[in-house]
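[1] pasting the sequence and the predicted model now:
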Number of protein chains: 2
Amino acid sequence: MKIEIITIGDELLLGFTTDTNAAYLARELAAHGVEVVRRATVGDDAAAIAAAVREALDRTGAVITTGGLGPTADDLTKPAIAEVFGRRLEIREDIVAMIEERFRVYGFRGPMPASNRQQALVPEGARVLENRHGSAPGIWIEDERHRWVAMLPGVPREMRGMTGDVIIPELRARMGEVREVVRSRTIRCMGISESHLADQLGDRARGVRGLPLAYLPSVAGIDLRLTTRGMSSAAAAALLEEAVAELRPIIGAHIYGEEDADLADVVLQRTRERGLRIAVAESCTGGMLGARLTTIPGSSDVFVGGVIAYDDQVKVKLLGVDPGTLRTHGAVSEETAREMAAGIRRSLGAEIGIAITGVAGPTGGTPEKPVGLVWIAVDVSGRVRANHRIYPGHREEIRQRATQSALDVIRRMLGDA
Amino acid sequence: MKIEIITIGDELLLGFTTDTNAAYLARELAAHGVEVVRRATVGDDAAAIAAAVREALDRTGAVITTGGLGPTADDLTKPAIAEVFGRRLEIREDIVAMIEERFRVYGFRGPMPASNRQQALVPEGARVLENRHGSAPGIWIEDERHRWVAMLPGVPREMRGMTGDVIIPELRARMGEVREVVRSRTIRCMGISESHLADQLGDRARGVRGLPLAYLPSVAGIDLRLTTRGMSSAAAAALLEEAVAELRPIIGAHIYGEEDADLADVVLQRTRERGLRIAVAESCTGGMLGARLTTIPGSSDVFVGGVIAYDDQVKVKLLGVDPGTLRTHGAVSEETAREMAAGIRRSLGAEIGIAITGVAGPTGGTPEKPVGLVWIAVDVSGRVRANHRIYPGHREEIRQRATQSALDVIRRMLGDA
């Protein structure tokens, strides 16, 4: 099954809003064997909406639109598409009742604003798609040649909810047995450069089992993505599993997870399994490592807390760093990092102490200690590993990379489960 | 001048990559008086590329493409568009020489891979657009009816650089005097709900001076955006200034900045002006407030550091919170927040102490203290303001909103500069 996506809105066309709906829809549809062959964006302009929908219907016959279903004057999707199908708009009293009910629930008094009645307008003969996630229902309109348009709201949360609730089930029912899907698997790697990873993969650097390998570097490390096309769901899953199984032993300990695994989550799990607890001492990252760890629900049984030792006096006072160490070696040094890690561990009674101290820039660099230099020390019950890197990029990138690296040092020190 | 944008690539069409290029181009072009009337995305498929470009040329006559200019087999933009214009591709030896030079600079030995010669293929009669930001040059192709396509690389950094270097100057030269641009101004508000803001604006809630007002709520507060269309650059600037001047006194202290102002930056500036210093005590935000403040370069003269008191023992040990307070009122309470703020201020010798303690969820809520309940206390030299809110949303959203609120309390306590 082939379809087109049309996203509607001046905000998108002017670039004030980045179009995340189109990418989401495309991924969801591809995973269920529906191929998106073209995407388009038009503004809040009835003629432009009608023209784009008409062309897409002529070309592909199946269209999903997002946006322009709200109660305001610039929401033109329904009248424009009703026009393409030669249908009139009619007020649906069941929708009016539903909207009035919602007004009552939220405590509004008096009559519903007239503008909200616009949300109850539906092209004659069209089907209303229930929206459990917001006020504007979706619409499915179809002609006698089975050419159809599904109109979804533009609010991402509502659009996503309705895609799962209504669109995927409807398309699956229409497709019968799905013969061809697009599927992917992602292997998440950390602590190795893109070129070293390619070297290590050798013959498989460009692909494995006939599947091309995409390298996606980011502050989280390098993701390797394998994608199948034109296969059945079962065959795709089997081939991807074989390919991943072939790559896993070659990449080894650089792999920290798959798909959307979060390194902070991986570290919390391993630490929890070993009955240990973590405390952090952060200088240049200013709390970012603590924030990463506490993003994960349930982190409180492993993460005790920490000290943000931005000023050197805090390193001395709350972490017990020797002022002599700061004078002799400086705040960004192996010695200071080690004392910070030991200090926070001792102070908070945790088994694992992590310290990060570096030059995040943009100023403050010297020839000996350039912007990007970061020392990390991890102290696990007295066993300490300290290392340094000079990270590329701007201030925020340096801090994010240092945070991810610190997590990776713990992961490696704790070893596999 | 009207144009269309076509972004090219399977990764975009499959939704693996979100299309940020299209939004960037649209904003840049609109600010220079170029109207984007349609956007489309097609995959790495020569027929689809050619069809989309042909339609856009017929409709609008001016097209910018991004993507598909690389050295690999799936980079089909040049042959597809050469075909539309009925031109052959020819090897340009000046480009070959340039690429070989780059290979030498990066230390590669031996002959250049044959695949790289593809980057030197150019449609006959087309102009090469210099790319100072990467290896693939851009292409400008035009027919005798002055219909044109500008092909840019898909790598965002390269595309953005070339838009400024080449595309904007070329379009400005073609447009002559620009009579109509799209311009916007954004007022950033915090500490007021969308409906209260609309009430406060009264007659101006939907627009001011004929300019529509867009409400853009996020975890950073509510942004109000005014947009002009179809005016000269000078007239747009003057009208926007008048409109903002009219709104400013009505919204008053809820405004913390304009355009992309960061509340953390605003707080650091006000604190610096008063010669004060900040220390933080974070429970549910786990370091996020410290990370926000230290994102701003030069924060070290104002931000001393803090304590991440995730476990209650850390609240007692490093912040001096009375265990009796925790027993009687609980960790999420006004009393605990006040003691945390006073404790961190005293411990680190800062004038301003901020404390955040709350239930970030998804579990841990009770009828009395539901998920989303957050207490914030700010202690400025002994003058304390404490307040609580129940934030909607999921864990990360609750934490981000609490962090932004804490910053806003300091801003309001310090008053205007």
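    Okay, I see it. Residues are numbered from 1 along each chain as shown, chains lettered A, B, ... in the order given.

[2] does stretch A:354-372 reach chain B?
    Yes. Stretch A:354-372 is in contact with chain B by C-beta under 8 Å from any C-beta of the partner chain, via A:360-363. No exception for glycine: its C-beta is placed from N, CA and C like everyone else's.

[3] can you measure across that stretch, start residue to end residue?
    Taking C-alpha to C-alpha, to the nearest Å, the first and last residues of stretch A:354-372 lie 19 Å apart.

[4] which parts of the stretch 301-417 of chain A are strands?
    With DSSP state E, counting those that start in this stretch applied, the stretch 301-417 of chain A shows strands at A:303-308, A:352-358, A:373-380, A:383-390, listed in chain order.

[5] deepest-packed of these, please.
    Greatest average neighbour count among these goes to strand A:303-308 (a mean of 31), per mean count of other C-beta atoms under 10 Å in any protein chain shown.

[6] re earlier: rebuild the residues of stretch A:354-372 next to chain B as JSON lines, extending it with distance to B:D58, neighbour count and pLDDT.
    As requested, the residues of stretch A:354-372 next to chain B are exported to JSON lines (distance: C-beta to C-beta, whole Å; neighbours: other C-beta atoms under 10 Å in any protein chain shown; pLDDT from 0 to 100):
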{"residue": "A:A360", "distance to B:D58": "52", "neighbour count": "27", "pLDDT": "96"}
{"residue": "A:G361", "distance to B:D58": "50", "neighbour count": "21", "pLDDT": "92"}
{"residue": "A:P362", "distance to B:D58": "49", "neighbour count": "12", "pLDDT": "92"}
{"residue": "A:T363", "distance to B:D58": "54", "neighbour count": "10", "pLDDT": "92"}
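
[7] and these, which is closest to chain B?
    A:P362 (5.5 Å; C-beta to the nearest C-beta).

[8] could I get the strands of the stretch 301-417 of chain A as TSV with mean pLDDT and distance to A:L13?
    Shown next, in TSV, are the strands of the stretch 301-417 of chain A (pLDDT from 0 to 100; distance: least, C-beta to C-beta, whole Å):
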stretch	mean pLDDT	distance to A:L13
strand A:303-308	98	43
strand A:352-358	98	42
strand A:373-380	98	42
strand A:383-390	96	42
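
[9] closest one to A:G324 among those?
    Proximity to A:G324 (C-beta to C-beta) singles out strand A:352-358 among the strands of the stretch 301-417 of chain A, at 16.3 Å.

[10] which elements pack onto whichever strand or helix holds A:H196?
    Using DSSP states H and E, the element containing A:H196 is helix A:194-201. Other helices and strands packing on helix A:194-201, by 3 or more C-beta pairs under 8 Å, 6 or more residues apart in numbering or on different chains; DSSP states H and E, are strand A:211-218, strand A:221-231, helix A:233-251.

[11] now it: mean pLDDT?
    Mean per-residue pLDDT for helix A:194-201: 86.

[12] need the contact list for the one residue in the stretch 101-250 of chain A that gets nearest to chain B.
    Residue nearest to chain B within the stretch 101-250 of chain A (C-beta to the nearest C-beta): A:V182, separated by 6.1 Å. A:V182 sits next to A:30-31, A:33, A:35, A:227-229, B:14 when contact means C-beta atoms under 8 Å, 6 or more residues apart in numbering or on different chains.

[13] and stretch A:303-312, does that touch chain B?
    Yes. On the criterion C-beta under 8 Å from any C-beta, stretch A:303-312 is in touch with chain B at A:303-311.

[14] how far does that stretch stretch from one end to the other?
    24 Å.
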